[in-house]
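Enquirer: what's the 3D shape of this:
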Amino acid sequence: MNAAQLDRDIADIKGDIRSVVLELTHLQSEHQTLLEELQQLEKTQSQEFESESPDSSENSKKNTNGTNTHPEIDTYIPQIIRHEHFDSAISHFFTANGTSETPAKRPKLSKLSENLLQRSERLVNLKENILYENIYRLVGVTAFPLNKFTFSAGDEVLGIRFDVYSHTRSCFLSPHYAILKKIVAVDKEEAIVKNWTLYRHTLPVYLPLGQLQKDLQCSTSDSQAIFDFALEVRNHLVKTQYKSDKIDQLQKITLGNIGINSNISKTVISKLEKDIQCQRVMLSIRNRTSLTKKTHSIEIFCSEDVIEIANVDLVDIEDKKKLVLLYESILKNSAIDDLLKNFRKVFEHM
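Expert: Predicted coordinates for the structure are as follows:
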């Protein structure tokens, strides 16, 4: 996600907040207008009821000598029936005293809109922080503070996060974490110093953690010590992941890629095994010249940059010694950058 896309997302969220606020303001105004009309209607009905009550009707029908000119007629008109069994979601808009909203209810509606606005702003800020954090993590190394309550008051601690991208999977892998902590030590001149130490971590076991620890303690500058440590760890992680991606790409080579017309979608490698460091890799190669299910095998031992050792085993092939020497010579001392190219050469002749 680039910075322009981030700004557009933030602008969209802020626009939604403004729309909600405007809608709430409009609804409050409309509600107040309806409330005034309802109160005026009830006032008019009350006046009509008083003018047409039985007492006033009886008095108007009496003559001067106190006798009625007409038989007594019941002119009592009851109040309009009010249905008050509303859904709980809207019942607070109506009350038993004939008003749809008490004075105490109006501030609550305003407070509701304020709370909604505050929650929306907090949500925008949270999403904005997450987006910025993801952008920073694209670099690969990020530092972060730790919860002070898990350490003593005077402890100096720092968290470092390592993110590695897999080009084969097209995604970031689970990050690795390291917690650095300063400890008190005595140097060669018997002076008390505070050096960084690797306190906790989730780093792979194949990293030279002992040497990295020594480098942390031998550095004369705190900032330089952290920088060198983070750079060295990331270099190891990136190189190992690059090697792993290259090896995984071998499994995508098909018979069609190496010029075999039959079964062009069938992969050359039937099975691939590797350790977490990709130091030892075992490949089972389909046997195209035999009807049996036996497979050729290639075993390689790799450093971070080259294939140091290559062992090839061929099945059901006469005079295979020369071919084995040829294939091993192609693969041995091959750079990881050229791994796909050299393996393709071997596959074409197997």
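Enquirer: how about the helices of the stretch 101-250 of the chain, start to end?
Expert: With DSSP state H, counting those that start in this stretch, the ranges of helices along the stretch 101-250 of the chain come out as 105-137, 209-218, 222-250.
Enquirer: what's the helix or strand for Ile317?
Expert: Using DSSP states H and E, Ile317 falls within no helix or strand.
Enquirer: How far away from the center of its chain is the longest helix along the chain?
Expert: The residue-count maximum for a helix in the chain (DSSP state H) belongs to helix 3-51. Helix 3-51 sits 36 Å away from the centroid of its parent chain (Cα atoms, centre = their mean, to the nearest Å).
Enquirer: how much space between the residue most central in space within the chain and Arg119?
Expert: Nearest to the geometric centre of the chain sits Ile130, at 7.9 Å (Cα atoms, centre = their mean). Ile130 sits at a distance of 16 Å from Arg119 (criterion: Cβ to Cβ, to the nearest Å). Bear in mind the C-beta positions are built from the backbone N, C-alpha and C, glycine included.
Enquirer: Over to Ser329?
Expert: According to Cβ to Cβ, Ser329 and Arg119 sit 68 Å apart.
Enquirer: Am I right that Asn311 is in contact with Leu283?
Expert: No: counting by Cβ atoms under 8 Å, Asn311 does not reach Leu283; the two are 10.7 Å apart.
Enquirer: Any buried residues in the helix or strand hosting Lys321, and which?
Expert: Secondary structure from DSSP H and E places Lys321 in helix 320-331. By neighbour count with 16 or more other Cβ atoms under 10 Å, helix 320-331 contains the buried residues 323-324, 327-328, 330-331.
Enquirer: per-residue confidence averaged over whatever helix or strand comes next after that helix?
Expert: Using DSSP H and E, the helix or strand that follows helix 320-331 in sequence is helix 339-349. Averaging pLDDT along helix 339-349 yields 91.
Enquirer: Show me how far helix 339-349 is from its chain's centre.
Expert: Taking the mean of its C-alpha atoms, helix 339-349 sits 40 Å from the chain's own mean (Cα atoms, centre = their mean).
Enquirer: cool, and stretch 123-141?
Expert: With Cα atoms, centre = their mean as the basis, stretch 123-141 stands 10 Å off its chain's centre.
Enquirer: Run through the residues that contact Ile330.
Expert: Contact analysis of Ile330 by Cβ atoms under 8 Å, 6 or more residues apart in numbering lists 342, 345-346.
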